[in-house]
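1. Starting from these lines, generate the structure:
(chains A and B)
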Amino acid sequence: MEKGKGVMGMGRRWAVDFSDNSTTARDLPDPPGFTRASLDQDDSAVSRQKKDAEANWKAQKAWEMAQAPFKNLMMMGFMMWMAGSTVHLFSIGITFSALWQPISALQGVGKVFEPYKDSKVDLLGPKLVFIALNLGGLALGVWKLNTLGLLPTHASDWVSSLPPAQEVEYSGGGIPFH
Amino acid sequence: MAERSFFLFLLLLFLSSAVEFSASIFEDQVGLMDWHQKYIGKVNHAVFHTQKTGRKRVVVSTEENVLASLDLRHGDIFWRHVLGPSDAIEAFDIALGKYVITLSSGGSILRAWNLPDGQMIWESFLKGSRSSKSMLLVQPSVGAEKETVLLAFYGGFLHAVSSIDGEILWRKDLGSESLEIQQIVQPVGIEVVYALGFDGSSQFAAYEINARNGELMKHESVHFSGSFSRENLVVSDGVFVALDASGSILVTVHFQNGEYSLQEMRISSLLGGNFGKAKLLGAKLPHMFALRNDKLTGFLKVTDEGKLETLERINNEVSISDSLSFAEKQRAFALVQHNDNKVEFRVKLGHEWNKDLLQETVNIDPNRGHVENVFINNYIRTDRSYGFRALIVLEDHSLLLVQQGEVVWKREDGLASILDVTTAELPVEKVGVSVSKVEENLHEWLKGHILKLKGTLMLATPEDVATIQGMRLKNSEKSKITRDHNGFRKLLIVLTRSGKVFALHTGDGRIVWSLLLRSLRKSEACTSPTGIRIYPWQIPHHHALDENPSVLVVGRCLPTDSGPGVLSFIDAYAGKEFDSVAPTHSVVQIIPLPFTDALEQRLHLLIDANQRAHLYPRSPEALTIFNREMSNVYWYTVVAENGIIRGYAPKSTSVNEGSDEYCFDPTDLWSIVFPMESEKIVAWVTRKLSEVVHTQAKVIADQDVMYKYISKNLLFVATTSPKGTGEIGSATPDESSLIVYLIDTVTGRILHRMIHKGCQAPVHAVLSENWVVYHYFNLRSHRFEMSVIEIYDQSRADNKDVWKLVIGKHNLTSPVSSYSRPEVKAESQSYFFTHSAKAIAVTSTAKGITSRQLLIGTVGDQVLALDKRYLDPRRKTDPTQAEKEEGLIPLTDSLPIIPQSYVTHALKVEGLRDIITVPAKLESTTLVFSYGVDLFLTRLAPSRTYDSLTEDFSYALLLLTIVVLVGAIFATWILSEKKELREKWR
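-> Numbering: from 1, shown residues only, chains lettered A, B, ... in the order given. Alright, predicted model coming up:
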């Protein structure tokens, strides 16, 4: 994950751009038979094309990213089904990871879609789908928590530690000593 | 909230992993948490082994019906038999130097025990028709004969019993309705048995019987002008001495050679003018006897001519031993006199009064009271002269062996007759423990743990294992006299029948202090004082920490209801009586109230025979507190003889001249009268005042809630038909039924009533939280049964709306009154139980969270722990999955007895009378103290020690693991750094 991000996000540490047409390059006369104007025109068309392709690619990736939790959701559901409804270490672990993953994903919504940020790409749709799917995952986790009986939804959860009520009267006694 | 319930569930997880838990311990853990002490009780009679047998032992019988053989060197018990409470030893003696013959159970059972090992050889049942004195006569062995004839008198019959197999050789009916045989005598070497007694009040009767075949040879009676008292004595084979009813005339009857001559003598003419009403002392002395009145003791000698001579008058209290024959026809006896702190011990020869064979002074702790009984024995010193040793029984029931002016050993046998028990906390540890000690301790600590580590890693040599075991047993931690973090170390303060109070350390059972209560000793104002109960009086915490805790001992002067009461206040740390209330109003009941004053003294109501309530402490502050709370204080009396339970409330005193403002008259509130012809109260039980309940809700399967009916004012009463109170099997199933009641003692309302048809007493019960468990006999199935009743509050049952509970809109914590008559629901279930029970108790913990265990004192004098979950009325044969998860055990018809759950493991608490549980500070743990003739204390954790590590947890192993882990982390970190660097250079 770390390595992949590094390649994708920051790129290489140093680079030489051969297509750079800065002033120092322009001081030199163009070689004979080379017309700069046609090249410039040509070049801009190619870059526009390229940019469009990148935007498309980004949008596509963003949608893919938005749908990724769905797979997760399915897997989680399968694992929950496997874990059963009794409280033990395995089921508790799964339930808590099922709760934790959507929450951490929701916290990092911005970061997840950072690489696809583009003025031409509308990220709102993917983001909403992503959030909705994660909320679904969260709901699944809560539902699992409830089936395990770990949610205070019953009267017993609220009264189980209530101390006995005080008594107004006090009475003592017994059999007389003999 | 979710998190909390999560942790609760984790806790439950651990608990449920201990489902099939029993209180068992490993063999090498015996003695780590428990201690056991053996006692015998107050010695009545002692017989030393004769020189011939060559063993230095003494056989004793005691008031606790114990027959024991003690080692004369150390006082240890060689063997011991505890006979049942109805099997009191009337008389015993050693026959032929190898059998101990006992006459017990009112004289009807004669048994022979093997002297060296205490095994019973034979048992013989004597039959009699009348009530009479029972006597045993064993002829002293002369030569090496193999058989002797034992004479036992019981029920108007004289029995001759063979010493070999207990066969009755002959029996002779002696007498009629009015005849009372008082003495059986067989002079040495003569085959005639004399049976002497009274016929009517003024006739002396004598029977001469042939010792071979039981034929009556002669019957003689002599008339006396006065009337006899029942005190009499036979002096040296030929003289019968008795007193008249007024205690002022001495009657002697000479009966040697078939002649009977009666002489009367005024005691005043023998012992001086105003001797007053005299008593005969029972000591058997050669040719002499002793008389005593309130002030002095007189010794009289019977001369060969039949005259009486006064030998000496002694002013001090004196104890006399029976005479002992030693050497050739020499007889000696001992006199023990108490002078201040010293005890004067004199041995006199039978025929020479003026010469003391031996005179010694022994220092005896004044805290032991005066001498009650003496038994002497002789031994041959290295220079072939005769030496004497004496076994002394003191007022506090302790037993001392005195030899050569020194106390050789002592036994605290007063502890065999405990009346009541309470506990006190130990003082808090003081700061400023010296450094050297700490260092030494640290060193020891480390050494110990390294040894334990070796043990855990199985590296220990056998010697190491022995050292570890020794260390665990001698653990000095457990016997410190300071408070510990877990609350395992406490003082058990016990009141014994002798009026002595002992403080025992719970760690090792040693006596921290003991005190013979001055106010419970015989005095002119108080003629036969007895202790009744002991209560914690002051338990300082919070704002009265400087005060020492104290206990209240309540006694009474006479053993009747109207006998004046005695109160004594004892400092629990110093062991000193700091205050006492001299004979005052009578005490028939004591009610500790749930209020304390500024000094943390608990308020007590003492009810006298007229049902008036007296408030203690007698201070204005206590009175103010009581007057404020008086309208809510009630009391009740269970009068078992009349089958009545009465409820009272105190009436405010009218302030007039001379009236006691601390005394309150009763107002009759209610009474429950059981029909005498069909119901008789056999058992009653209430909740312990100190019991703590954690919660009022019981969560059952499917997250449902039941609200327990928890009230301190609940009384359980069991009645049976009058026929059902007798012995088991004395009634037919149709004749007896058991009826149980749950009664609210404020209003007298019967909350629940249930009938068990065909069941009978004895009933043992215990009431705790909202349940009662009782044990009885079922005549129909001819087995013991245990039943449980759980009682639930229906008036709260509709508190089930979660939102109302979340925002706190419920009435579950508001105070309740018994007058609101809450509707209750009771559930019940019965099970067979194999054992009969002597006592039932329940474990109690500091906060009441830990699940409870029932402690059942079995007929074998052991304590059995039984999980309360086995006694759950919701048990059914096929519980659902949810109910199984809840921990419900499938229903079986009988309760399981798991051999490992005997709390007393291999030991027996002989003569078990009661079981006391004391909560430790650690929630999981409770201290269990059971007492009878023996004492036994152990620690129990009904749900295991879930809140602490076990004592033999290897901290060294933990430490080692942590060190190794940290080392491994560092090593791998360095390695990974290096590897990364290498990667980067590549």
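2. switch to C-alpha atoms for all contacts and neighbour counts from now on
-> Fine.
3. And the strands in the stretch 151-300 of chain B?
-> Taking DSSP state E, counting those that start in this stretch to define them, one finds strands in the stretch 151-300 of chain B at B:157-162, B:168-173, B:179-185, B:192-199, B:203-210, B:216-223, B:228-235, B:239-244, B:249-254, B:261-266, B:279-280, B:288-292, B:297-302.
4. for B:R618, phi and psi?
-> As for B:R618, its main-chain torsions (degrees, to the nearest 10) stand at phi -90, psi 80.
5. these two touch, right, it and B:E661?
-> No: applying Cα atoms under 8 Å as the test, B:R618 and B:E661 come out as separate, 9.4 Å apart.
6. returning to that earlier point: could I get the strands of the stretch 151-300 of chain B as a markdown table with distance to chain A, mean neighbour count and mean pLDDT?
-> Compiled in a markdown table, the strands of the stretch 151-300 of chain B are given as follows (distance: least, Cα to the nearest Cα, whole Å; neighbours: other Cα atoms under 10 Å in any protein chain shown; pLDDT from 0 to 100):
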| stretch | distance to chain A | mean neighbour count | mean pLDDT |
| --- | --- | --- | --- |
| strand B:157-162 | 35 | 22 | 89 |
| strand B:168-173 | 39 | 17 | 87 |
| strand B:179-185 | 31 | 21 | 84 |
| strand B:192-199 | 34 | 21 | 85 |
| strand B:203-210 | 38 | 20 | 86 |
| strand B:216-223 | 42 | 14 | 84 |
| strand B:228-235 | 28 | 20 | 78 |
| strand B:239-244 | 33 | 22 | 84 |
| strand B:249-254 | 37 | 21 | 83 |
| strand B:261-266 | 40 | 14 | 81 |
| strand B:279-280 | 29 | 20 | 80 |
| strand B:288-292 | 31 | 22 | 83 |
| strand B:297-302 | 34 | 20 | 82 |
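7. Just give me the neighbour total for B:L515.
-> By other Cα atoms under 10 Å in any protein chain shown, the residues close to B:L515 number 18.
8. Contacts for the strand or helix carrying it, please.
-> Counting by DSSP states H and E, the secondary-structure element that holds B:L515 is strand B:511-516. In this structure, residues lying in contact with strand B:511-516 by Cα atoms under 8 Å, 6 or more residues apart in numbering or on different chains are B:367-369, B:396, B:499-505, B:574-576.
9. Show me which positions of it end up buried.
-> When neighbours are counted by 16 or more other Cα atoms under 10 Å in any protein chain shown, the buried residues of strand B:511-516 are found to be B:512-516.
10. May I see the buried residues of the longest helix along chain B?
-> The residue-count maximum for a helix in chain B (DSSP state H) belongs to helix B:955-985. Of the residues in helix B:955-985, those buried by neighbour count under the rule 16+ other Cα under 10 Å are B:955-957.
11. Confirm B:S132 sits in a strand?
-> No: counting by DSSP: H, G, I helix; E, B strand; the rest coil, B:S132 is not part of a strand but coil.
12. Pop out the phi and psi values for the residue lying closest to it once chain neighbours are set aside.
-> Using Cα to Cα, 6 or more residues apart in numbering or on different chains and skipping residues adjacent in sequence, the residue nearest B:S132 is B:G155, 5.1 Å away. B:G155 adopts backbone torsions of phi 60, psi 30, taken as degrees, to the nearest 10.
13. cool, and the one 10 residues further on?
-> Dihedral angles phi and psi of B:D165 (degrees, to the nearest 10) take the values phi -130, psi 10.
14. burial count for the closest residue in space to it that isn't next to it in sequence?
-> Computed as Cα to Cα, 6+ apart, the closest residue to B:D165 that is not its neighbour in sequence is B:W122, at 6.0 Å. Look at B:W122: counted by other Cα under 10 Å, it has 16 neighbours.
15. who does B:W122 bridge with?
-> When bridges are called by DSSP bridges, B:W122 pairs up with B:A112.
16. can I assume it is in contact with B:S163?
-> No: between B:W122 and B:S163 there is no contact under Cα under 8 Å: 9.1 Å.
17. Check whether B:A839 really touches B:G860, as I assumed.
-> No: applying Cα under 8 Å as the test, B:A839 and B:G860 come out as separate, 11.8 Å apart.
18. Of the two, which one has the most company?
-> B:A839 (22 against 15).
19. From chain A, how far out is that one?
-> When distances are taken as Cα to the nearest Cα, to the nearest Å, B:A839 and chain A turn out to be 17 Å apart.
20. Tell me who's in contact with that residue.
-> By Cα under 8 Å, 6+ apart, the contact set of B:A839 is B:764, B:856-858, B:913-915.
21. What of B:Q186?
-> Taking Cα under 8 Å, 6+ apart as the definition of contact, the neighbours of B:Q186 are B:139, B:192-194, B:237.
22. how about the residues you listed, which pair is most distant?
-> Across those, the longest distance by Cα to Cα is 13.5 Å; it joins B:Q139 and B:Y194.
23. confidence score at A:P31?
-> On pLDDT, A:P31 comes in at 79.
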